[in-house]
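Engineer: Build me a structure from this.
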Amino acid sequence: MIHSADIREWRNRDVVDPKQHKIGMLEAVYVDTTTDEPAVATVRTGLPTRHRLVFVPLDEAVLGPDYVKVSYTKGHVQSAPSIGTDDVLPAEQEEAIFRYYDMAYQPGAKGERQLARR
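Structural biologist: Residues are numbered from 1 along each chain as shown. Now for the predicted structure:
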């Protein structure tokens with residue numbers, strides 16, 4: 001299991017798919033608010049003048065010597081919900097990430113968010 005403290009050290013490292021194709025650079029980690037464990041990451045992708053941050057789950061992520069390998073293909077991740085590099089994930093868009101990756105979405109009992117940026 002990857003712990004929050006460990007993966008923060010991998011910011012700005014390559015994120016690769018199962019076949020080692022580079023997807024982009026790790027930008028930030030979002031933890032599950034109920035467990036405080038890493039849930040998804042944002043990956044900086046795109047052209048130098050048109051970067052965006054795409055979301056990818058970290059449930060089966062593997063740390064390598066200079067990369068983080070995720071269990072989703074490059075094409076799948078690049079089509080995932082995204083935000084601008086200076087944007088914050090709006091609460092109403094959080095569920096779309098979970099739906100895109102066929103993951104269960106469970107906000108708090110009073111509507112609290114499931115994800116928090118660390």
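Engineer: Every contact and neighbour count from this point should use C-alpha atoms.
Structural biologist: Will do.
Engineer: For G75, pull up the helix or strand it's in.
Structural biologist: According to DSSP states H and E, G75 maps onto helix 74-78.
Engineer: Quick check: the gap between R13 and P65.
Structural biologist: To P65, R13 is 10 Å away according to CA to CA, to the nearest Å.
Engineer: Can you show me the helices along this protein?
Structural biologist: 4-8, 74-78, 94-100 (DSSP state H).
Engineer: list the helices and strands the second one packs on?
Structural biologist: To tie it back to what came earlier, the one meant is helix 74-78. strand 22-32, strand 50-57 (3 or more CA pairs under 8 Å, 6 or more residues apart in numbering; DSSP states H and E).
Engineer: residues near L47, how many?
Structural biologist: Residues lying near L47 (other CA atoms under 10 Å) number 8.
Engineer: Can you give me the distance of it to P107?
Structural biologist: 34 Å.
Engineer: Also L58?
Structural biologist: Distance, L58 to P107, using CA to CA: 18 Å.
Engineer: Those two: which has the busier surroundings?
Structural biologist: L58 (23 against 16).
Engineer: show me what contacts the more buried one?
Structural biologist: By CA atoms under 8 Å, 6 or more residues apart in numbering, the residues touching L58 are P38, A39, V40, A41, V70.
Engineer: so what's the residue nearest to the fourth one when sequence neighbours are not counted scoring on pLDDT?
Structural biologist: Setting aside the residues directly before and after it, A41 is nearest to V29 in space (CA to CA, 6 or more residues apart in numbering), at 4.4 Å. Per-residue pLDDT puts V29 at 90.
Engineer: my guess is V29 meets D36, correct?
Structural biologist: No: using CA atoms under 8 Å, V29 is not in contact with D36, being 11.0 Å away.
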